[in-house]
Each structure stands twice: as C-alpha cells, then as structure tokens.
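Student: Have a look at this prediction, sequence included:
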Amino acid sequence: VDELEKQFSRLDEAVANLQRVKANLKRYKASVLKAAVEGRLVETEGGWRQFKLGDIALSVRNGYSHKPDADSGTRIFRISAVRPMELAADDVRFLSGTPADYDTFLAMSGDVLFTRYNGSRDYVGVCAVVPAGLPPTAYPDKLIRVRVPQDQLLPAFLVIAASTGEGRAFIESMIRTTAGQSGVSGTDIKAIPLSVPSMAEQVRIVAEVDRHLSIIREVDAEVDTNLQRAQALRQATLAKAFSALPSDHA
C-alpha cells in the first residue's frame, strides 16, 4: 500500500503538470490569435481597413436542409466537422444521388464554413476553411458557407479574425438560445466587424499563425499521449501489485 501510494503520488503530480501544460497551450493560442488581429504578431504598416463581412462577401448561404438518407453516395459534412479553426474533412455522412444533384450546396476550396446551430454556445459561430483537394462534399443546413473575394480577403485570415478578439466577441453577443439549441443567423455572420491589413500582410500573418499553431498542435498531441500513458501506467501498477499477492490473499 505504501509503495502504491508513492507511485500514484508521482503519477498524480505528473498528470497535474501535463494538465497545466494544456491550459498554458490554450492561453498561448489565444494570445497568438489576439496579437495577429491587433497587428502585433508580425510587423505591419498600419492602415487596416474596417468593414463588415457582408460588405465584401460574395455569398453567405445556409446549407442543404434534408437529412442524410444513404450509406454511400454524395458526402455531406456533419455539423461536428467544424471546430474552431479546424475542419475534420472525413467527418461526413451520405446523401443518395450524385454530387451534381447538390451542386449549389457543395463546399469548394477556400470556402469558410461557420456553425449556425449547436447544443454548446462555445461551438456556435466557429469556423474553418475548406481545404484544397476535398472530394465533392455538401454542407448541411446547420452550417453557413461564406465565400469571399480572395484577392481582397484571405479565407484563412477571415477565420483568424472571426475566431478571436472583436470578431468572436460580436458572434457571442449575437447567439440566441431556443429549445436547448444555441444559434446565429446568416445576417449575424454578415455583420461581423473586421479589421483587415493589406494582402501581403495578411499572407505574412496567416503564415506566422500557422507556424505557431503547428507547434501548439504538436505539443498538445504529445501531452495527450503522455496522459494516456499515465493512465495505462496506473492500471499496470495496480495489476502488477495484485498479481504478486499469493492466491489465498487475492
């Protein structure tokens, strides 16, 4: 018992340290994004333009409203595919028919998908960019697709701006809850306030944010691996301790 308590005390300390690292990573990510939209992450020349997303968006449209009805056919994203600044490209269900049947609801490279409804307020209005090379995939009614002129606003910069600071605060202020579901509308998305630098500076900011987030993801994955190892070690320690007992003490 004394030895188990000693080993578990060490494990508990290690787990607490790992959880502190995860919390610090979350704060670090928030500070990186905040610095990005305030022009402090990379040197900029100032003169950022101020406008609302609807003033520049080419299209803001809700998705396909019917439920998936097949085991194969045309891919359609699940709402859970969109998480803050990340898109799980294979988190899909299927619609009967061919992609041509859903042409107006297909997500294209460079589209930005926003969540329209979710049971958790934290996931309402979060967004991610559709990557290049995606198989034909429709998007559902609980997502909103935004297309922007990419010679004026990089989709990746839009995602950054809508995920932190004034942009995210505005989205949260627009969230309404009905029957246990929280949501925003396309009109709310169009009204998101943006502060946007030149295209060259957008490119530099996006690249620097990507660099920082890549490091964060790598460290976070390592922390998760070690948390799993700690849990496995706890179970292995218990198994070893009790397997060592004589059978008449088991």
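Tutor: Sure thing, it's come through. Residues are numbered from 1 along each chain as shown.
Student: from here on, contacts and neighbour counts on C-alpha atoms
Tutor: Fine.
Student: got any ranges where the protein has weak pLDDT?
Tutor: 244-250 (pLDDT under 70).
Student: Just the strands from it, written as ranges.
Tutor: Ranges of strands within the chain are 49-52, 59-62, 74-77, 82-83, 86-87, 92-95, 112-115, 117-118, 127-129, 137-138, 143-147, 176-178, 181-183, 193-196, based on DSSP state E.
Student: and R168, how many residues sit next to it?
Tutor: The tally of other residues near R168 (other CA atoms under 10 Å) stands at 17.
Student: Hmm, I typed the wrong one, I wanted A70.
Tutor: If we define neighbours as other CA under 10 Å, then A70 has 13 of them.
Student: I figured it hits L95, correct?
Tutor: Yes. Using CA atoms under 8 Å, A70 is in contact with L95, at 5.2 Å.
Student: For V82, list each beta-bridge partner.
Tutor: Beta bridges link V82 to L87 when assigned by DSSP bridges.
Student: Determine which residue lies closest to the centroid of this structure.
Tutor: When CA atoms, centre = their mean is applied to the chain, the residue found nearest the centroid is P84 (2.3 Å).
Student: who's in contact with it?
Tutor: Residues in contact with P84 (CA atoms under 8 Å, 6 or more residues apart in numbering) are Y123, V126, C127, A128, S163.
Student: what two of the residues you listed have the greatest distance between them?
Tutor: Y123 and A128 (11.7 Å; CA to CA).
Student: ok, these two, which is more surrounded?
Tutor: It is A128, of Y123 and A128, that has more neighbours when counted by other CA under 10 Å, with 26 against 21.
Student: Can you get me a residue count around the closest residue to the more buried one other than its chain neighbours?
Tutor: What sits nearest to A128 in space, not counting adjacent residues and going by CA to CA, 6 or more residues apart in numbering, is M85, at 4.5 Å. The number of residues packed near M85 is 17, by other CA under 10 Å.
Student: Was I right to think M85 contacts V129?
Tutor: Yes. Counting by CA under 8 Å, V129 is a contact partner of M85 at 7.4 Å.
Student: Between these two, which contacts overlap?
Tutor: Common contacts of M85 and V129 (CA under 8 Å, 6+ apart): V159.
Student: No more questions from me, cheers.
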